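K.L.:
Got a sequence here, can you model it:
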Amino acid sequence: MRTVAPLHPDSWLQKPAHIAWLAAEGMRLLPFARASRVDQGFAALDACGRLPEPACAELIHTTRMTHCFALAHIQGIPGYAELLDHGIGALQGALRDTEFGGWFADAARAGDKSAYLHAFVALAASSARMAGRPGAQALLDEAIAVLEARFWSEEEGALRENLSRDWGQEEAYRGANSNMHATEAFLALADATGDTLWLQRALRIAERVIHGHAATRGHVVVEHFDQEWEALPDYNDDRRADPFRPYGSTPGHSFEWARLLLHLEAALQAAELPAPDWLLADACGLFARASRDAWNADGAPGLVYTLDWASQPVVRARLHWVHAEAIAAAAALLKRTGEPAYEDWYRCFWEFSASRFMDLQNGSWHHELDTSNQPASSIWPGKPDLYHAYQAILLPRLPLAKSLATALAV
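P.N.:
Model (predicted):
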């Protein structure tokens with residue numbers, strides 16, 4: 001089975017000017033993120049690209065910045081090797097738990113160990129390894145060891161969620177979000193190590209979360225589960241706008257999953273491993289349902305953050321990461337199928353994002369828009385995240401079969 005389809009000559013993905021525009025936007029995004037450096041890693045920036053007082057290094061920002069700076073270095077953009085090395089050093093130093101293993105959520109060095117964040121450690125380490133930086137291989141080896149010993153459940157074919165600092169207590173919860181980012185990390189690990197076991201594990205996660213749950217519910221991603229993988233549809237009904245575990249369905253994750261299923265299909269085929277037909281079918285189903293239900297859901301353009309189980313808007317804010325993932329998913333499906341509808345969506349999402357999210361005055365992208373599509377900060381204050389927007393300008397230019405760092409390194 002082919003993993004790519006011919007593109008129409010008029011496709012934006014074929015236009016040299018569009019490709020140059022994507023590259024230019026990447027060069028605009030990167031300098032803004034440099035200011036996130038602090039002594040112990042990378043921290044969140046405010047809306048103007050400044051570090052608030054006090055600024056604390058966080059694992060989520062340190063891993064994502066390290067990953068992005070690795071991608072910049074691999075592309076041959078000067079000035080990011082030192083920042084990449086700083087990220088590696090932080091992950092081997094201030095944010096690493098030398099007593100019990102694993103990584104702290106921030107430089108305050110307290111709290112539980114999170115599967116979600118440890119997946120990003122593995123992603124950052126994989127990208128740093130592909131960039132050939134000192135210490136990256138040791139970091140990668142440690143990230144793999146922690147994932148396998150503490151988070152991966154062979155019986156479940158998925159990751160456990162949160163564990164106490166000493167690993168002795170486990171949260172009675174399973175999450176689609178952490179397992180989605182594990183799928184992304186496992187694709188990168190397969191490339192960085194050459195071990196196809198990671199592809200097989202990614203397939204097991206996707207089969208459970210997407211083919212086993214989302215596909216049977218009309219391609220709506222179920223986010224929250226108990227330890228037996230029974231769905232928890234009322235989870236966080238009292239915290240509907242939670243930035244990581246919101247109530248209801250999250251269309252942005254449907255787009256993200258759709259893209260990852262196509263990368264997984266291509267990676268399996270490149271490794272001459274069986275790639276089930278449902279990977280493409282579910283990717284198409286996820287995209288179709290999310291774009292139908294979330295775009296213009298309340299009468300205004302843009303994709304809403306969350307929906308209830310009747311596909312009605314719950315949190316109507318527009319988040320930048322949702323649109324970045326929609327862009328990347330549309331590009332992936334366009335490359336995979338060649339169908340004109342994905343070209344239309346790709347252009348639609350970019351037109352909205354370029355006019356609403358890109359902040360040409362203060363830099364980067366607004367991370368949140370309110371119901372009137374004006375900049376807001378009720379869920380995501382400031383501009384701490386380079387990862388989603390930067391990947392959105394890279395993924396349309398790259399093939400499906402390689403993880404980002406590997407594709408850029410070729």
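K.L.:
Point out where this protein drops to low pLDDT.
P.N.:
1-3 (pLDDT under 70).
K.L.:
need the strands for it, in chain order.
P.N.:
Ranges of strands in the chain, per DSSP state E, are 37-38, 41-42, 113-114, 152-153, 158-159, 162-163, 174-175, 224-225, 318-319, 368-369.
K.L.:
Need those in a markdown table (columns: distance to residue 399).
P.N.:
Just so you know, the C-beta spots here come from the backbone N, C-alpha and C atoms, and that holds for glycine as well. Below are those laid out as a markdown table (distance: least, CB to CB, whole Å):
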| stretch | distance to residue 399 |
| --- | --- |
| strand 37-38 | 32 |
| strand 41-42 | 29 |
| strand 113-114 | 31 |
| strand 152-153 | 28 |
| strand 158-159 | 27 |
| strand 162-163 | 35 |
| strand 174-175 | 30 |
| strand 224-225 | 33 |
| strand 318-319 | 28 |
| strand 368-369 | 32 |
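K.L.:
from the ones you listed, which stretch is densest packed?
P.N.:
Highest mean neighbour count of those: strand 41-42, a mean of 28 (counted as mean count of other CB atoms under 10 Å).
K.L.:
Can you tell me the strand partners of that one and which way each runs?
P.N.:
Strands flanking strand 41-42 in the sheet, each with its direction: strand 37-38 (antiparallel) (DSSP bridges).
K.L.:
just how off-centre is the partner strand within its chain?
P.N.:
22 Å (CA atoms, centre = their mean, to the nearest Å).
K.L.:
now do stretch 67-79
P.N.:
Distance, centroid of stretch 67-79 to centroid of chain: 18 Å (CA atoms, centre = their mean).
K.L.:
Kindly format the C-alpha coordinates of it as CSV.
P.N.:
Output of stretch 67-79 as CSV, limited to C-alpha atoms (Å, rounded to 0.1, in the frame of the first residue of the first chain):
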residue,chain,number,x,y,z
HIS,A,67,13.4,19.3,21.1
CYS,A,68,12.7,22.4,19.0
PHE,A,69,16.3,23.7,19.4
ALA,A,70,17.5,20.3,18.3
LEU,A,71,15.4,20.6,15.2
ALA,A,72,16.8,24.1,14.5
HIS,A,73,20.3,22.8,14.9
ILE,A,74,19.7,19.8,12.7
GLN,A,75,18.5,22.2,9.9
GLY,A,76,21.8,24.1,10.1
ILE,A,77,20.5,27.2,11.8
PRO,A,78,23.4,28.7,13.8
GLY,A,79,23.0,29.8,17.4
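K.L.:
List the buried residues in it.
P.N.:
67-75 (16 or more other CB atoms under 10 Å).
K.L.:
Hmm, residue 250 is touching residue 223, no?
P.N.:
Yes: counting by CB atoms under 8 Å, residue 250 touches residue 223, with 6.1 Å between them.
K.L.:
Can you work out which residues contact both of the two?
P.N.:
residue 177 (CB atoms under 8 Å, 6 or more residues apart in numbering).
K.L.:
Enumerate every residue touching the residue lying closest to residue 370 once chain neighbours are set aside.
P.N.:
Closest residue in space to residue 370, ignoring its immediate chain neighbours: residue 376 at 3.9 Å, by CB to CB, 6 or more residues apart in numbering. If you count contacts by CB under 8 Å, 6+ apart, residue 376 has them with 317, 368-370.
K.L.:
got CSV for these, with distance to residue 342 too?
P.N.:
As requested, the contacts of residue 376 are exported to CSV (distance: CB to CB, whole Å):
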residue, distance to residue 342
317, 25
368, 26
369, 24
370, 29
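K.L.:
Among those residues, which one sits closest to residue 198?
P.N.:
For the contacts of residue 376, the closest approach to residue 198 (CB to CB) belongs to residue 368, at 33.6 Å.
K.L.:
I'd like to know how far the closest one sits from residue 157.
P.N.:
Taking CB to CB, to the nearest Å as the measure, residue 368 falls 35 Å from residue 157.
K.L.:
Could I get the full set of helices for this protein?
P.N.:
16-34, 59-74, 81-92, 115-130, 136-146, 176-193, 197-206, 251-270, 278-294, 320-337, 340-356, 387-394, 404-409 (DSSP state H).
K.L.:
can you tell which of these is closest to residue 301?
P.N.:
helix 340-356 (5.8 Å).
K.L.:
In that closest one, which residues are buried?
P.N.:
Buried, per 16+ other CB under 10 Å, within helix 340-356: 342-343, 345-346, 348-350, 352-353, 356.
K.L.:
ok, residues contacting it?
P.N.:
Helix 340-356 is contacted by residues 8, 11-13, 287, 291, 295, 301-302, 318, 320, 323-324, 326-327, 330-331, 333-334, 365-366, 369, 373, 392, 396 when judged by CB under 8 Å, 6+ apart.
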